[in-house]
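# Dropping a prediction and its sequence here:
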Amino acid sequence: NRFYSIERPRSENKLPRVISKEEVLAIINATNNIKHKCIVSLLYSAGLRRSELLNLKITNIDSKRMLILVEGAKGNKDRMTLLSTSILEDLRVYFKEYKPKNWLFESPDGKPYAASSVVKIIKKSSRIAKVNKNVTPHTLRHSFATHLLENGTDLR
């Protein structure tokens, strides 16, 4: 093929955007209701992708083993991730108040919560918390991994 001799442009190796633990706590505390607090807290404390969070079912929360089963994640793989005790308490309060039927986070019509709503929650909470960075759900995921590494945890 004649195109094999053409040199391809180098891909950029950019470092992920990370926010401090204090900024994460400020964003979580700036949420205005328990559902939003649970969404932001789970994105950070379990290192979930936005799609993984929205596809969680009530049965994926294992409160006895303090784990969350993430089914059909990237690459269609299943994995287990951490569940914090404080978030479990918040989830119980949320569950009693909202009574979701199938999905952990449901829209009023019973379908999974909208992805754009999660972004809006984080943008609004970070603005209220006066975090002057572009915070996205994936920023919280990168912050989770970075904070684990800083504390000496093996990510594997």
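Nice, thanks for sending it over.

# now the strands for the chain?
61-62, 67-70, 79-82 (DSSP state E).

# Quick one: closest of those to residue 139.
strand 79-82 (17.4 Å; C-beta to C-beta). The C-beta positions use only the backbone N, C-alpha and C, and glycine is treated the same way.

# which of the residues in the closest one are buried?
Neighbour-count burial for strand 79-82 flags residue 81 (criterion: 16 or more other C-beta atoms under 10 Å).

# can you list contacts of it?
Under the criterion C-beta atoms under 8 Å, 6 or more residues apart in numbering, residues 45-48, 66-70, 73 lie in contact with strand 79-82.

# Name the member of these with the most neighbours.
residue 68 (26 neighbours; other C-beta atoms under 10 Å).

# which residues of this protein score low on pLDDT?
Applying pLDDT under 70 to the chain picks out residues 1, 155.

# residue nearest the centroid of it?
The centroid of the chain falls nearest to residue 43 when counting by C-alpha atoms, centre = their mean (1.8 Å).

# wait, what's in contact with that one?
Per C-beta under 8 Å, 6+ apart, neighbours of residue 43: 50, 53, 118, 122, 137, 140-141.

# Roughly how far does it sit from residue 109?
23 Å (C-beta to C-beta, to the nearest Å).

# next one: residue 133
34 Å.

# okay, the two: which has more neighbours?
residue 133 (12 against 5).

# The closest residue to residue 107 other than its chain neighbours - how many residues pack around it?
If the residues on either side of it in the chain are set aside, residue 107 comes closest to residue 113, at 5.5 Å by C-beta to C-beta, 6 or more residues apart in numbering. Residue 113 has 21 neighbours, counted by other C-beta under 10 Å.

# can you start the count at 141 instead of 1 from here on
Shifting the count to begin at 141 puts that one at residue 253.

# How about the contacts made by residue 253?
Counting by C-beta under 8 Å, 6+ apart, the residues that residue 253 touches are 179, 194, 243, 245-247.

# So which of those residues is the closest to residue 157?
Closest to residue 157, out of all of the contacts of residue 253 and judged by C-beta to C-beta, is residue 179, at 19.2 Å.

# tell me the contacts of the closest one?
Counted by C-beta under 8 Å, 6+ apart, residue 179 has contacts 171, 193, 245, 253, 258, 261.

# Residue 154 versus that one, what's the distance?
26 Å.

# Okay then, goodbye and thanks.
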